[in-house]
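Q: here is my input; please provide its structure:
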Amino acid sequence: MCLIIDANVLSEFFKGSDFAPALKWIREGEGKAIVGGSKYQKELENVSNAFKIFSQLRTAGRLVKVDDDLIDAKEAEIEKNFDLHSDDPHVIALVVESCCKVVCTKDGPLQQDFGDKFRQKFGVRKPSVYKRKEHASLLCKNNIVGICK
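A: Numbers count the residues shown, from 1 in each chain. Okay, here's the model as predicted:
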């Protein structure tokens with residue numbers, strides 16, 4: 001499974017808790033984290049240990065980096081053409097460009113942006129949201145996308 005970790009849960013994600021199964025899937029299983037874009041990079045800089053942990057994941061082959069310019073361009077297009085509930089067009093751009101099927105977030109407005117018309121607006125399947133241990137069933141081979149194989 002590939003997943004995008006929204007900045008609003010990054011510190012919690014690496015401490016375990018609700019995200020312990022997802023972190024274990026990335027570190028020990030078939031999962032990988034997807035990152036990309038200038039704004040996401042800036043958000044990483046504001047979370048203690050995130051850069052270090054992502055560096056470790058990259059070294060271990062557990063991190064997929066999507067081209068920053070590609071994500072930044074898609075983010076600008078989304079900001080220009082769509083009214084969003086959230087302030088996360090970069091996360092949506094990352095979902096669209098990677099076709100990622102799972103996003104770890106507790107951001108209500110971002111979850112609203114993943115609403116029923118997501119495919120209609122953005123041309124890809126809306127992602128599932130992982131926000132607590134009970135969502136561990138999302139950690140499966142069916143959610144591994146081409147970019148992560």
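
Q: now the residue lying closest to Q111 once chain neighbours are set aside: which helix or strand?
A: Leaving aside its sequence neighbours, Q111 sits nearest to V129 (C-beta to C-beta, 6 or more residues apart in numbering; 5.6 Å). (C-beta placed from N, C-alpha, C; glycine too.) Assigned by DSSP states H and E, V129 belongs to strand 128-130.

Q: max-length helix in this protein?
A: helix 68-81 (DSSP state H).

Q: buried set for that one?
A: Using 16 or more other C-beta atoms under 10 Å as the test for burial, helix 68-81 gives I71, D72, K74, E75, I78.

Q: contacts for the very next helix or strand once past that helix, please.
A: Using DSSP H and E, the helix or strand that follows helix 68-81 in sequence is helix 89-98. Helix 89-98 has contacts (C-beta atoms under 8 Å, 6 or more residues apart in numbering) with 2, 4, 6, 34-40, 64, 66, 70-72, 74-75, 77-79, 82, 84, 100, 103, 105, 110, 113, 122-124, 127, 145, 147.

Q: go again using 6 Å as the cut-off
A: Outside helix 89-98, the residues that touch it by C-beta atoms under 6 Å, 6 or more residues apart in numbering are 4, 6, 34, 36-37, 39-40, 66, 70-71, 74-75, 78-79, 122, 124, 127, 147.
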